[in-house]
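A.B. asks: heads up, no residue letters with this:
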């Protein structure tokens, strides 16, 4: 775009700052209650003053990071930009290398303060030597040729996040990482994976050993308009209204790419298009996003997987907010995840080697389970089991659920003496059928 075309765009479309100031002044004088309301937490509204459009219209949720839609008017722009601060990584430089560990000094900026009205038609973060920033530490380790670990923390000291989920050391002593540096980026390479880490306009392009691009992480939104922020760079965001801090990361999402994992869920196996909250809740059925087993691990058909080494609440927007990204927000003051490259079976092998492998379940558990909520007595249980056998219905397990206690849901692990008078005899009869 030429300079004259740019000036014409600004003249035709950028908001007049004098007019904006007058609007704000009039709002304060004539509608003070509405102005104050704009700064209050409004979890059900996309824009607090102008459109009153429900977030659901845009596929949004009540998550605080879903509230930053288009800056469509001065009255909606103020609470969105002033009540939220970010420390988003935009520039990195290599500080030191310790064998297969690479420590980067990262400059993190408040991107909400960098958004300018006259840059509405292109999404850029313009910084110079005078722009305030925070120092963060970015550490990338390579335990194996096809695995790297990324950690981000504020300040100059890397975080050493020891969690009970990582139970094994998967380091390969023969792994070697080659470092190359050019003007625009660093390149970290093993025979199985290559990272291209951009120094400015920070992002990490990830390739396999054959040069096929697997994904891109850490970068800014793919939306070219400067008045929207549908995805966030690698970094941290603090929302003053909700008093939470979030570590943010994203992975590029291609057309036709499928994402699997993230634990027990009752919807489609391919998670693309879904917003998934990882926090254990009482399911109360199996037709919603409430579930009992949250697992912060996913795999992609592009040839990679990621495991987030956190026990904090997490939200994954799998192409549900910005269709070209899988976005992650961890309610934490640091970020720690492992990236696996390869076929899904190899990714699963490395992931389970890292976090532990369960014993093979007993043979009977692979058969047909029969259950209801719930069997209330020993006689009812035996009657159902006998009928299954009499009618030739294949069944290997009957699940009692919760009514075998003296009081339902009490979970004292004792059979009700009145309704289950002889559990041992009941089990003998069941095994004999």
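C.D. replies: Good, I have the coordinates. Note that the structure is a prediction, hence the values are computed from the model and not measured.
A.B. asks: residues near the residue nearest to residue 318 when sequence neighbours are not counted, how many?
C.D. replies: Closest residue in space to residue 318, ignoring its immediate chain neighbours: residue 271 at 4.5 Å, by Cβ to Cβ, 6 or more residues apart in numbering. In short, each C-beta sits where N, CA and C put it, glycine included. By other Cβ atoms under 10 Å, 21 other residues sit near residue 271.
A.B. asks: hang on, isn't residue 271 packed against residue 261?
C.D. replies: Yes - using Cβ atoms under 8 Å, residue 271 is in contact with residue 261, at 7.3 Å.
A.B. asks: which stretches in this protein count as helices?
C.D. replies: Taking DSSP state H, the helices of the chain run over residues 3-13, 17-30, 32-38, 74-82, 111-114, 344-355, 378-390, 423-432.
A.B. asks: who touches residue 153 in this structure?
C.D. replies: Counting by Cβ atoms under 8 Å, 6 or more residues apart in numbering, residue 153 makes contact with 136, 137, 159, 333, 334, 335.
A.B. asks: okay but the fifth one is in contact with residue 163, surely?
C.D. replies: Looking back up the chat, that one is residue 334. No - if you go by Cβ under 8 Å, residue 334 and residue 163 don't touch, sitting 11.6 Å apart.
A.B. asks: what about the two, which has more around it?
C.D. replies: Higher neighbour count among residue 334 and residue 163: residue 334, with 20 against 11, using other Cβ under 10 Å.
A.B. asks: pull the contacting residues for the more buried one.
C.D. replies: 151, 152, 153, 154, 159, 161, 247.
A.B. asks: identify the contacts common to residue 271 and residue 261.
C.D. replies: Both residue 271 and residue 261 are contacted by residue 298, under the criterion Cβ under 8 Å, 6+ apart.
A.B. asks: mind listing residues that contact stretch 377-396?
C.D. replies: So stretch 377-396 is in contact with 364-370, 375, 398, 400, 419-423, 426, 429-430, 433, going by Cβ under 8 Å, 6+ apart.
A.B. asks: what average pLDDT does that stretch get?
C.D. replies: For stretch 377-396, mean pLDDT is 94.
A.B. asks: ok, now stretch 332-343?
C.D. replies: 96.
A.B. asks: go through that stretch and flag the buried ones.
C.D. replies: Neighbour counts over stretch 332-343 (16 or more other Cβ atoms under 10 Å) mark 332, 334, 335, 336, 337, 338, 339, 340, 341, 342 as buried.
A.B. asks: also stretch 379-393?
C.D. replies: Buried residues in stretch 379-393, counting neighbours by 16+ other Cβ under 10 Å, are found at 381, 382, 385, 388.
A.B. asks: do the same with stretch 297-316
C.D. replies: Neighbour-count burial for stretch 297-316 flags 297-300, 302-310, 312-316 (criterion: 16+ other Cβ under 10 Å).
A.B. asks: with stretch 396-403 instead?
C.D. replies: Across stretch 396-403, burial judged by 16+ other Cβ under 10 Å covers 398, 403.
A.B. asks: what of stretch 109-127?
C.D. replies: For stretch 109-127, a neighbour-count test (16+ other Cβ under 10 Å) marks 109, 110, 111, 112, 114, 115, 117, 119, 120, 123, 125, 127 as buried.
A.B. asks: inside strands: which ones of these?
C.D. replies: If you go by DSSP state E, the buried residues of stretch 109-127 have residue 109 in strands.
A.B. asks: got a pLDDT number for the residue nearest the centre of the chain?
C.D. replies: Centroid check for the chain by Cα atoms, centre = their mean gives residue 328 as the closest residue, at 2.5 Å. pLDDT recorded at residue 328 is 97.
A.B. asks: list the contacts of residue 260.
C.D. replies: Counted by Cβ under 8 Å, 6+ apart, residue 260 has contacts 269, 270, 271, 298, 299, 300, 344.
A.B. asks: one more pass at 7 Å, please.
C.D. replies: The contact partners of residue 260, taken as Cβ atoms under 7 Å, 6 or more residues apart in numbering, are 269, 270, 271, 298, 299.
A.B. asks: wait, which of those residues is closest to residue 23?
C.D. replies: residue 271 (42.3 Å; Cβ to Cβ).
A.B. asks: where does the protein have low pLDDT?
C.D. replies: Along the chain, the model assigns pLDDT under 70 to residues 1-17, 19-20, 24, 27-28, 31, 33-60, 67-81, 117-118, 120.
A.B. asks: next, count neighbours for residue 133.
C.D. replies: 16.
A.B. asks: next, the contact list for the residue lying closest to it once chain neighbours are set aside, please.
C.D. replies: In space, and not counting its chain neighbours, residue 133 is closest to residue 107: 4.4 Å by Cβ to Cβ, 6+ apart. Counting by Cβ under 7 Å, 6+ apart, residue 107 touches 90, 91, 133, 135.
A.B. asks: rewinding a little: looking at the contacts of residue 334, which are in strands?
C.D. replies: Cross-referencing these against strands under DSSP E gives 151, 152, 153, 154, 247.
A.B. asks: got CSV for these, with distance to residue 176 too?
C.D. replies: Putting those into CSV (distance: Cβ to Cβ, whole Å) gives the following:
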residue, distance to residue 176
151, 21
152, 25
153, 26
154, 31
247, 30
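A.B. asks: what values do phi and psi take at the nearest residue to residue 353 once chain neighbours are set aside?
C.D. replies: Setting aside the residues directly before and after it, residue 353 is nearest to residue 170 in space (Cβ to Cβ, 6+ apart), at 5.1 Å. According to degrees, to the nearest 10, the main-chain angles of residue 170 amount to phi -100, psi 20.
A.B. asks: count of neighbours near residue 170?
C.D. replies: Here the number of neighbours of residue 170 (other Cβ under 10 Å) works out to 15.
A.B. asks: my read is that it contacts residue 144, right?
C.D. replies: Yes - shown here, residue 170 and residue 144 form a contact pair, counting by Cβ atoms under 7 Å, at 6.1 Å.
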